[in-house]
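In: show me the folded form of this:
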Amino acid sequence: MLIKLQDLFTDLMGIISTIDYRDVIDIILLTYVIYLVLKLIRETRAGQLVKGILFLVVVYYISIRVPLKAISYLLEKALQVGVLAMIILFQPELRRALEKAGRSKFGIRIFGLGQNSSEMKLIWANAIDAICDSCVELSASCTGALIVVERQVRLGEQIETGTLIKAVPSKEIFGNIFYPKTPLHDGAVIMRDGTILAAACFLPKPQKDALINKKLGSRHRAAIGMSEISDAVVIVVSEETGQISVALNGNLTRDYTREKLKATLEKALFNDKKEIEIGKKKLFSSLFERSRKK
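Out: This is a model prediction of the structure:
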(Lines give C-alpha, C1' and ligand atoms only; values in the text may rest on other atoms or scores of the structure.)
Protein backbone atom coordinates (compact mmCIF):
# COMPACT_ATOMS: atom_id res chain seq x y z
CA MET A 1 0.00 0.00 0.00
CA LEU A 2 2.81 2.39 0.93
CA ILE A 3 4.63 1.59 -2.32
CA LYS A 4 1.50 2.37 -4.33
CA LEU A 5 1.11 5.72 -2.58
CA GLN A 6 4.77 6.54 -3.24
CA ASP A 7 4.32 5.64 -6.93
CA LEU A 8 1.20 7.78 -7.09
CA PHE A 9 3.00 10.70 -5.46
CA THR A 10 5.95 10.30 -7.86
CA ASP A 11 3.62 10.30 -10.88
CA LEU A 12 1.81 13.35 -9.54
CA MET A 13 5.04 15.28 -9.01
CA GLY A 14 6.16 14.30 -12.51
CA ILE A 15 2.97 15.77 -13.98
CA ILE A 16 3.29 18.95 -11.91
CA SER A 17 6.90 19.43 -12.98
CA THR A 18 5.85 19.54 -16.65
CA ILE A 19 3.26 22.30 -16.11
CA ASP A 20 4.25 25.79 -17.32
CA TYR A 21 2.45 29.15 -17.18
CA ARG A 22 0.52 28.44 -20.41
CA ASP A 23 -1.05 25.34 -18.88
CA VAL A 24 -2.08 27.36 -15.82
CA ILE A 25 -3.71 30.01 -18.04
CA ASP A 26 -5.42 27.27 -20.04
CA ILE A 27 -6.84 25.65 -16.90
CA ILE A 28 -8.04 28.99 -15.48
CA LEU A 29 -9.78 29.95 -18.72
CA LEU A 30 -11.38 26.52 -19.06
CA THR A 31 -12.61 26.67 -15.48
CA TYR A 32 -14.12 30.09 -16.05
CA VAL A 33 -15.86 28.93 -19.25
CA ILE A 34 -17.33 25.92 -17.45
CA TYR A 35 -18.51 28.24 -14.65
CA LEU A 36 -20.23 30.53 -17.17
CA VAL A 37 -21.90 27.58 -18.89
CA LEU A 38 -23.19 26.20 -15.58
CA LYS A 39 -24.41 29.65 -14.56
CA LEU A 40 -26.19 30.06 -17.90
CA ILE A 41 -27.85 26.66 -17.54
CA ARG A 42 -28.91 27.31 -13.97
CA GLU A 43 -30.43 30.76 -14.59
CA THR A 44 -32.41 29.92 -17.76
CA ARG A 45 -34.70 27.26 -19.20
CA ALA A 46 -31.59 25.65 -20.71
CA GLY A 47 -31.31 23.63 -17.50
CA GLN A 48 -34.39 21.59 -18.40
CA LEU A 49 -33.08 21.01 -21.92
CA VAL A 50 -29.74 19.78 -20.58
CA LYS A 51 -31.55 17.33 -18.31
CA GLY A 52 -33.44 16.01 -21.32
CA ILE A 53 -30.21 15.56 -23.32
CA LEU A 54 -28.53 13.76 -20.41
CA PHE A 55 -31.56 11.48 -20.15
CA LEU A 56 -31.21 10.57 -23.85
CA VAL A 57 -27.50 9.83 -23.36
CA VAL A 58 -28.25 7.50 -20.44
CA VAL A 59 -30.97 5.70 -22.44
CA TYR A 60 -28.58 5.39 -25.38
CA TYR A 61 -25.89 3.83 -23.14
CA ILE A 62 -28.40 1.35 -21.67
CA SER A 63 -29.75 0.44 -25.11
CA ILE A 64 -26.22 -0.43 -26.26
CA ARG A 65 -25.53 -2.57 -23.20
CA VAL A 66 -28.80 -4.54 -23.37
CA PRO A 67 -28.76 -4.34 -26.53
CA LEU A 68 -31.82 -2.70 -28.09
CA LYS A 69 -30.86 -2.31 -31.73
CA ALA A 70 -33.74 -0.12 -32.92
CA ILE A 71 -33.58 2.28 -29.96
CA SER A 72 -29.78 2.54 -30.03
CA TYR A 73 -29.83 3.18 -33.81
CA LEU A 74 -32.38 6.00 -33.51
CA LEU A 75 -30.63 7.60 -30.53
CA GLU A 76 -27.26 7.38 -32.26
CA LYS A 77 -28.62 9.28 -35.26
CA ALA A 78 -30.24 11.84 -32.97
CA LEU A 79 -27.06 12.42 -30.95
CA GLN A 80 -24.96 12.83 -34.13
CA VAL A 81 -26.69 16.14 -34.79
CA GLY A 82 -26.65 17.02 -31.09
CA VAL A 83 -24.25 19.98 -31.38
CA LEU A 84 -26.30 21.66 -34.09
CA ALA A 85 -29.50 20.94 -32.18
CA MET A 86 -28.06 22.49 -29.00
CA ILE A 87 -27.07 25.66 -30.88
CA ILE A 88 -30.60 25.94 -32.27
CA LEU A 89 -32.30 25.16 -28.95
CA PHE A 90 -30.04 27.44 -26.89
CA GLN A 91 -29.98 30.29 -29.43
CA PRO A 92 -31.74 32.84 -27.16
CA GLU A 93 -29.52 31.94 -24.19
CA LEU A 94 -26.32 32.02 -26.28
CA ARG A 95 -27.29 35.39 -27.74
CA ARG A 96 -27.92 36.89 -24.31
CA ALA A 97 -24.63 35.45 -23.01
CA LEU A 98 -22.65 36.97 -25.90
CA GLU A 99 -24.43 40.31 -25.52
CA LYS A 100 -23.68 40.29 -21.79
CA ALA A 101 -20.01 39.51 -22.47
CA GLY A 102 -19.83 42.31 -25.02
CA ARG A 103 -21.21 44.90 -22.63
CA SER A 104 -19.17 43.75 -19.61
CA LYS A 105 -16.70 46.22 -18.13
CA PHE A 106 -13.76 44.10 -19.34
CA GLY A 107 -15.00 44.16 -22.92
CA ILE A 108 -15.88 47.84 -22.78
CA ARG A 109 -12.49 48.81 -21.35
CA ILE A 110 -10.62 47.05 -24.16
CA PHE A 111 -12.90 47.72 -27.12
CA GLY A 112 -14.99 50.65 -25.90
CA LEU A 113 -15.04 53.67 -28.16
CA GLY A 114 -16.78 56.98 -27.56
CA GLN A 115 -16.61 60.26 -25.74
CA ASN A 116 -14.59 60.81 -22.62
CA SER A 117 -16.13 61.73 -19.29
CA SER A 118 -15.97 65.51 -19.77
CA GLU A 119 -17.66 65.26 -23.16
CA MET A 120 -20.38 63.06 -21.72
CA LYS A 121 -21.02 65.54 -18.92
CA LEU A 122 -21.40 68.33 -21.44
CA ILE A 123 -23.79 66.30 -23.61
CA TRP A 124 -25.94 64.90 -20.79
CA ALA A 125 -25.91 67.78 -18.26
CA ASN A 126 -29.11 69.47 -19.49
CA ALA A 127 -30.71 66.16 -20.46
CA ILE A 128 -30.36 64.68 -16.96
CA ASP A 129 -31.93 67.78 -15.40
CA ALA A 130 -34.78 67.61 -17.91
CA ILE A 131 -35.36 63.92 -17.16
CA CYS A 132 -35.38 64.48 -13.39
CA ASP A 133 -37.65 67.55 -13.53
CA SER A 134 -40.04 65.78 -15.91
CA CYS A 135 -40.23 62.65 -13.76
CA VAL A 136 -41.02 64.73 -10.66
CA GLU A 137 -43.85 66.56 -12.47
CA LEU A 138 -45.22 63.39 -14.04
CA SER A 139 -45.05 61.69 -10.64
CA ALA A 140 -47.02 64.50 -9.01
CA SER A 141 -49.83 64.14 -11.57
CA CYS A 142 -49.63 60.29 -11.65
CA THR A 143 -48.90 60.32 -15.36
CA GLY A 144 -47.26 57.10 -16.54
CA ALA A 145 -43.88 57.38 -18.24
CA LEU A 146 -41.14 55.08 -19.54
CA ILE A 147 -37.74 56.57 -20.45
CA VAL A 148 -34.81 54.50 -21.73
CA VAL A 149 -31.31 56.05 -21.51
CA GLU A 150 -29.04 54.27 -23.98
CA ARG A 151 -25.43 53.61 -23.01
CA GLN A 152 -22.94 51.26 -24.73
CA VAL A 153 -25.41 48.77 -26.21
CA ARG A 154 -27.22 50.25 -29.22
CA LEU A 155 -31.01 49.88 -29.19
CA GLY A 156 -31.69 50.01 -32.92
CA GLU A 157 -34.23 47.16 -32.82
CA GLN A 158 -36.37 48.97 -30.26
CA ILE A 159 -35.97 52.38 -31.95
CA GLU A 160 -37.34 50.96 -35.22
CA THR A 161 -40.60 50.03 -33.48
CA GLY A 162 -41.29 53.65 -32.50
CA THR A 163 -41.47 57.11 -34.05
CA LEU A 164 -38.27 59.09 -34.64
CA ILE A 165 -38.26 62.52 -32.98
CA LYS A 166 -34.65 63.71 -32.47
CA ALA A 167 -35.61 66.46 -30.05
CA VAL A 168 -33.82 68.33 -27.29
CA PRO A 169 -35.26 67.03 -23.98
CA SER A 170 -37.34 69.35 -21.82
CA LYS A 171 -40.18 69.14 -19.32
CA GLU A 172 -42.62 70.35 -21.94
CA ILE A 173 -41.66 67.72 -24.52
CA PHE A 174 -41.80 64.87 -22.01
CA GLY A 175 -45.14 66.19 -20.78
CA ASN A 176 -46.58 66.27 -24.30
CA ILE A 177 -45.27 62.80 -25.17
CA PHE A 178 -46.64 61.07 -22.07
CA TYR A 179 -49.93 62.99 -21.88
CA PRO A 180 -52.57 60.20 -21.94
CA LYS A 181 -54.50 61.49 -24.97
CA THR A 182 -51.52 61.89 -27.31
CA PRO A 183 -50.58 59.26 -29.97
CA LEU A 184 -47.07 58.74 -28.55
CA HIS A 185 -47.89 58.24 -24.87
CA ASP A 186 -48.24 54.45 -25.05
CA GLY A 187 -44.66 53.22 -25.29
CA ALA A 188 -41.13 54.15 -24.29
CA VAL A 189 -38.96 57.16 -25.06
CA ILE A 190 -35.41 56.20 -26.04
CA MET A 191 -32.61 58.72 -25.51
CA ARG A 192 -29.20 58.69 -27.16
CA ASP A 193 -26.35 61.20 -26.72
CA GLY A 194 -28.48 63.52 -24.62
CA THR A 195 -31.38 63.79 -27.09
CA ILE A 196 -34.82 62.21 -27.38
CA LEU A 197 -34.30 59.93 -30.36
CA ALA A 198 -37.63 58.08 -30.55
CA ALA A 199 -40.96 57.70 -28.77
CA ALA A 200 -43.74 55.09 -28.61
CA CYS A 201 -41.14 52.30 -28.75
CA PHE A 202 -42.01 48.73 -27.78
CA LEU A 203 -39.71 47.04 -25.27
CA PRO A 204 -39.15 43.28 -24.79
CA LYS A 205 -40.73 41.24 -22.04
CA PRO A 206 -38.54 40.11 -19.12
CA GLN A 207 -36.91 36.68 -19.32
CA LYS A 208 -38.59 35.44 -16.14
CA ASP A 209 -41.95 37.18 -16.44
CA ALA A 210 -43.74 34.64 -14.24
CA LEU A 211 -41.37 35.33 -11.31
CA ILE A 212 -41.94 39.10 -11.27
CA ASN A 213 -44.22 40.65 -8.66
CA LYS A 214 -47.81 40.52 -9.93
CA LYS A 215 -48.40 44.05 -8.65
CA LEU A 216 -46.00 45.49 -11.23
CA GLY A 217 -47.66 46.80 -14.38
CA SER A 218 -46.69 46.53 -18.04
CA ARG A 219 -44.34 49.54 -17.88
CA HIS A 220 -42.32 48.08 -15.03
CA ARG A 221 -42.13 44.69 -16.73
CA ALA A 222 -40.99 46.27 -19.98
CA ALA A 223 -38.35 48.25 -18.08
CA ILE A 224 -36.98 45.08 -16.48
CA GLY A 225 -36.98 43.29 -19.83
CA MET A 226 -35.08 46.14 -21.51
CA SER A 227 -32.48 46.27 -18.75
CA GLU A 228 -31.93 42.50 -18.99
CA ILE A 229 -30.85 42.54 -22.64
CA SER A 230 -28.91 45.83 -22.56
CA ASP A 231 -26.96 48.13 -20.25
CA ALA A 232 -29.57 50.89 -20.59
CA VAL A 233 -30.92 52.82 -17.61
CA VAL A 234 -34.73 52.62 -17.72
CA ILE A 235 -36.83 55.07 -15.71
CA VAL A 236 -40.48 54.32 -14.92
CA VAL A 237 -43.16 56.58 -13.50
CA SER A 238 -46.19 54.66 -12.25
CA GLU A 239 -49.58 55.99 -13.35
CA GLU A 240 -51.25 54.33 -10.34
CA THR A 241 -49.03 55.63 -7.52
CA GLY A 242 -46.76 58.20 -9.18
CA GLN A 243 -43.77 56.30 -7.83
CA ILE A 244 -40.46 56.70 -9.71
CA SER A 245 -38.49 53.50 -10.32
CA VAL A 246 -35.26 52.61 -12.15
CA ALA A 247 -34.41 49.33 -13.88
CA LEU A 248 -30.72 48.52 -14.35
CA ASN A 249 -29.08 45.17 -15.17
CA GLY A 250 -32.36 43.33 -14.71
CA ASN A 251 -33.03 44.78 -11.24
CA LEU A 252 -35.82 47.23 -10.39
CA THR A 253 -35.38 49.72 -7.54
CA ARG A 254 -38.17 52.04 -6.42
CA ASP A 255 -38.98 55.18 -4.42
CA TYR A 256 -36.67 57.60 -6.23
CA THR A 257 -36.50 61.28 -5.42
CA ARG A 258 -35.16 63.89 -7.83
CA GLU A 259 -31.76 63.94 -6.13
CA LYS A 260 -31.46 60.16 -6.02
CA LEU A 261 -32.49 59.84 -9.68
CA LYS A 262 -29.97 62.46 -10.77
CA ALA A 263 -27.18 60.77 -8.81
CA THR A 264 -28.05 57.38 -10.34
CA LEU A 265 -28.02 58.74 -13.89
CA GLU A 266 -24.74 60.60 -13.39
CA LYS A 267 -23.09 57.53 -11.91
CA ALA A 268 -24.33 55.27 -14.72
CA LEU A 269 -23.33 57.64 -17.52
CA PHE A 270 -20.19 59.35 -16.28
CA ASN A 271 -18.43 56.73 -14.15
CA ASP A 272 -18.61 54.02 -16.81
CA LYS A 273 -17.10 56.37 -19.40
CA LYS A 274 -14.33 57.28 -16.98
CA GLU A 275 -13.55 53.60 -16.43
CA ILE A 276 -13.40 53.06 -20.21
CA GLU A 277 -10.83 55.83 -20.65
CA ILE A 278 -8.74 54.59 -17.71
CA GLY A 279 -8.87 51.04 -19.06
CA LYS A 280 -7.80 52.08 -22.56
CA LYS A 281 -4.94 54.22 -21.20
CA LYS A 282 -3.68 51.33 -19.08
CA LEU A 283 -3.91 48.95 -22.04
CA PHE A 284 -2.01 51.23 -24.43
CA SER A 285 0.61 52.15 -21.83
CA SER A 286 1.26 48.49 -21.02
CA LEU A 287 1.61 47.62 -24.71
CA PHE A 288 3.97 50.57 -25.20
CA GLU A 289 6.12 49.53 -22.25
CA ARG A 290 6.37 45.94 -23.53
CA SER A 291 7.40 47.08 -27.01
CA ARG A 292 9.97 49.44 -25.53
CA LYS A 293 11.48 46.65 -23.40
CA LYS A 294 11.78 44.41 -26.45
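In: let's verify residue 151: helix, strand, or coil?
Out: The three-state assignment at residue 151 reads coil, by DSSP: H, G, I helix; E, B strand; the rest coil.
In: ok, it - contacts?
Out: By C-beta atoms under 8 Å, 6 or more residues apart in numbering, the residues touching residue 151 are 230-233, 268-269, 272. Heads up, the C-betas are built off the backbone N, CA and C, glycines and all.
In: would you list those residues in TSV and tack on pLDDT and distance to residue 153?
Out: Shown next, in TSV, are the contacts of residue 151 (pLDDT from 0 to 100; distance: C-beta to C-beta, whole Å):
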residue	pLDDT	distance to residue 153
230	87	4
231	86	5
232	92	7
233	95	11
268	89	13
269	87	14
272	54	12
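In: narrow the residues you listed to those in strands?
Out: If you go by DSSP state E, the contacts of residue 151 have residue 233 in strands.
In: so which of the contacts of residue 151 wins on neighbours?
Out: Counting neighbours by other C-beta atoms under 10 Å, residue 232 leads the contacts of residue 151 with 29 neighbours.
In: my guess is that residue contacts residue 154. True?
Out: No - between residue 232 and residue 154 there is no contact under C-beta atoms under 8 Å: 9.9 Å.
In: quick one on the thing from earlier: could you identify the most distant pair in the contacts of residue 151?
Out: 230 and 269 (14.2 Å; C-beta to C-beta).
In: and stretch 262-270, how far out from the chain's middle?
Out: Centre-to-centre, stretch 262-270 and its host chain are 18 Å apart (C-alpha atoms, centre = their mean, to the nearest Å).
In: okay, buried residues for that stretch please.
Out: Residues 262, 264-265, 268-270 are the ones in stretch 262-270 that count as buried (16 or more other C-beta atoms under 10 Å).
In: nearest to residue 256, of the residues you listed?
Out: Looking across these and measuring by C-beta to C-beta, the closest to residue 256 is residue 264, at 7.3 Å.
In: that closest one reaches residue 233, doesn't it?
Out: Yes - between residue 264 and residue 233 there is a contact under C-beta under 8 Å: 7.2 Å.
In: count the residues that sit near residue 170.
Out: Residue 170, neighbours per other C-beta under 10 Å, totals 16.
In: please name the residues that touch the closest residue in space to it that isn't next to it in sequence.
Out: Distance criterion C-beta to C-beta, 6 or more residues apart in numbering; nearest residue to residue 170, sequence neighbours excluded, is residue 130 at 5.2 Å. Residues in contact with residue 130 (C-beta under 8 Å, 6+ apart) are 169-171, 174.
In: over to residue 165?
Out: Residues near residue 165 by C-beta under 8 Å, 6+ apart: 196-199.
In: among the residues you listed, who's most crowded?
Out: residue 199 (27 neighbours).
In: is it in a helix, a strand, or coil?
Out: When classified by three-state DSSP, residue 199 comes out as strand.
In: against residue 190, how distant is the residue nearest to it when sequence neighbours are not counted?
Out: Distances taken as C-beta to C-beta, 6+ apart place residue 184 nearest to residue 199, at 4.3 Å, with adjacent residues excluded. The spacing between residue 184 and residue 190, counted by C-beta to C-beta, to the nearest Å, is 12 Å.
In: next one: residue 218
Out: For residue 218, the distance to residue 190 - C-beta to C-beta - is 17 Å.
In: what's the answer for residue 231, then?
Out: Distance, residue 231 to residue 190, by C-beta to C-beta: 14 Å.
In: and what of residue 255?
Out: From residue 255 over to residue 190 (counting by C-beta to C-beta), the distance is 24 Å.
In: so these two - more neighbours on which side?
Out: Using other C-beta under 10 Å, the more surrounded residue of residue 255 and residue 190 is residue 190, with 28 against 8.
In: and the more buried one, which of the three is it?
Out: Relying on three-state DSSP, one would call residue 190 strand.
In: and it, what are its bridge partners?
Out: Residue 190 has these beta-bridge partners by DSSP bridges: residue 148, residue 198.
In: just confirm the residue nearest to residue 199 is within a helix.
Out: No - checked against three-state DSSP, residue 184 lies outside a helix; its state is coil.
In: touching, it and residue 196? I think so.
Out: No - contact criterion C-beta under 8 Å: residue 184 and residue 196 do not qualify, at 10.5 Å.
In: common neighbours of these two, please.
Out: Taking C-beta under 8 Å, 6+ apart as the criterion, residue 184 and residue 196 both touch residue 177.
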